[in-house]
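# predicted structure and sequence below. I'll ask about it afterward.
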Amino acid sequence: MSFEAAPAIRAQDLGKCYSIYDAPTLRLRQFVVPRLRRLLGLAERSYYRSFWALKGVAFDIRRGETVGIIGRNGAGKSTLLQMICGTLSPTTGTVETFGRISALLELGSGFNPDYTGRENVYMNCTVLGLTRQQIDERFDSITAFADIGNFVDQPVKTYSSGMFARLAFAAAIHVDPEILIVDEALSVGDFAFQFKCLRKLKELAAGGCTVLFVTHDIEQVQRLCSRALYLKKGEAVFYGDAKDACMRYLADVRESEAGMAGPAADGPVLEAPRRAPDAALDAALHAAFAVRVAPHRNGSRAQGEVLAVAVNGTHGEEPSVEFGGALAIEVSFRLTAPLENPTIALYLIDAAGQLIVGTNSHNERLDLKGCTLGEPYTVRFSLENRLRPGRFGIQVFLVDYTPVLNTEYVDYIDLAASFVSAPEPGVQRWALVTPPIAVELQSSSSLP
């Protein structure tokens, strides 16, 4: 059997049934009365209702696959993951796993709130099979990925949900998992953390780890997963190609919820580069930006660098922009050596790193060749926000642009800033980007 074809998870006729009692006294009655009726030779009677959280689910997941599990709240996704992890026993059927499992289930599971982050890391990694020496060797890497600073030595009960998610994910990926299960744990993190985690999931999958990924973000499922399981009211509606599963899910959602597709993205407007005011680019602001983007930065910066990126006038924050609202992105930079064609490039991305909108100063006919060496300048990109609700990131490049593929990247920041596209009350937008669309009603009386 080839590595790719070998099973990592196998489920057959998997089901979980709960007994629902309408009153506490009925639970006691169920415990006593059926026994008495059996002694008296009477037919048994039940005092509960059966609720199948999961029923008749079957699938095989191969090693090295990334599989998404989708469905509405209450569809049985978390129940399924708990049975795969072995923390919940099935009522019917079987589930087999082949390999070490590392799981992030509901927020807080597996961590003792009274222990410090350090103590919880050691406890969890020990449970998952690492020795004390192995944990010691990996601890610095775990804390560096979590990036929660000195809070690692504080009790977990003092953590925010985002800090907890950071530490839990960092610990989970450092135990050499053969199967990694993630249940909506990334939804509480900020955009930079989500971006880093999704990139790490891709690396793990490329290395042969099986990833089971539960999320309500359909775009992430389509880009990260080869296959997906669509659960509806506890039953498997579809298991197969991720895009097909997502289309089935969206079709069902559209049937049950009134939704409107909406309009997306006018082309950006660039202003001529201007000298950046000293107040906006003081040493503290520049230093704070450099520290913030350091994990996401590449390039030699020998001939120049990006000094700061502001979104709607904010530095280091995550502003909310309503649909149709103005989105102004200011990129401040400095050239320190001559470039043949200095160019600022800008891309909007989602948490999976998927490019959504992109342009650069060269394509927009903005010439930066006249910028004085050593002086700070700012290029302002102005566009209308036509993105569906969610968090989005901004990539910024300073390049020596050529029309062929040997463009030199002087400064490359794959996550320079982020913003939130705010939801519209009473409006559901399905498309990731929707351009302005004119809709009008016309009389059809002339038609036969």
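Received, thanks. Predicted, not measured: the structure shown is a model, and the values here were computed from it. Residues are numbered from 1 along each chain as shown.
# which phi and psi does the closest residue to Asp190 other than its chain neighbours have?
What sits nearest to Asp190 in space, not counting adjacent residues and going by CB to CB, 6 or more residues apart in numbering, is Gly162, at 6.3 Å. C-betas here are computed from N, CA, C, even on glycine. Recorded main-chain torsions at Gly162 are phi -70, psi -40, according to degrees, to the nearest 10.
# same deal with Thr215?
phi -160, psi 160.
# count the residues that sit near it.
Using other CB atoms under 10 Å, the number of residues around Thr215 comes to 21.
# let's have the chain start at 612 instead
Let's use 612 as the start, then, which means that last one is Thr826.
# returning to what we had before: and the residue nearest to Asp801, how many neighbours?
Gly773: 13 neighbours (other CB under 10 Å).
# surely it and Phe804 touch.
Yes. With contact defined as CB atoms under 8 Å, Gly773 reaches Phe804; the gap is 7.0 Å.
# hmm, back to that, and the residue nearest to Asp801, how close does it get to Ala779?
Using CB to CB, to the nearest Å, we find Gly773 at a distance of 11 Å from Ala779.
# now swap in Leu637 and tell me
38 Å.
# so the two - more neighbours on which side?
Set side by side, Leu637 and Ala779 show more neighbours around Ala779, with 27 against 17, by other CB under 10 Å.
# find the nearest non-adjacent residue to the more buried one, please.
Per CB to CB, 6+ apart, closest to Ala779 is Leu715, 5.5 Å.
# over to the one you found: give its phi and psi.
The phi/psi pair for Leu715 (degrees, to the nearest 10) is phi -120, psi 100.
# what's the answer for the one 10 residues further on, then?
Phi and psi for Asp725, reported as degrees, to the nearest 10, are phi -90, psi -10.
# find me the pLDDT at it, would you?
We have a pLDDT of 90 for Asp725.
# just to be sure, Phe849 is in a helix?
No. Judged by DSSP: H, G, I helix; E, B strand; the rest coil, Phe849 forms no part of a helix; its state is strand.
# excluding chain neighbours, give the residue nearest to it in space.
Nearest residue to Phe849, sequence neighbours excluded (CB to CB, 6+ apart): Tyr841, at 4.4 Å.
# where along the stretch 612-761 of the chain do the strands fall?
618-631, 660-673, 677-681, 703-708, 712-715 (DSSP state E, counting those that start in this stretch).
# so Pro1034 sits right up against Arg1002, yeah?
No. Here Pro1034 does not reach Arg1002: they are 11.9 Å apart, not a contact under CB under 8 Å.
# same drill for the two, tell me which one is more crowded.
Neighbour count, other CB under 10 Å: between Pro1034 and Arg1002, Arg1002 has more, with 19 against 15.
# hey, what's that one bridged with?
Val1031 (DSSP bridges).
# contacts only, for it.
Listed by CB atoms under 8 Å, 6 or more residues apart in numbering, the contact partners of Arg1002 are Asp801, Phe802, Gln805, Glu929, Asp961, Ala962, Ser1029, Phe1030, Val1031, Ser1032.
# return the member of these nearest to Leu699.
Gln805 (27.3 Å; CB to CB).
# what about Trp851, distance to Arg673?
No, residue 851 isn't Trp; it's Gly. According to CB to CB, Gly851 and Arg673 sit 13 Å apart.
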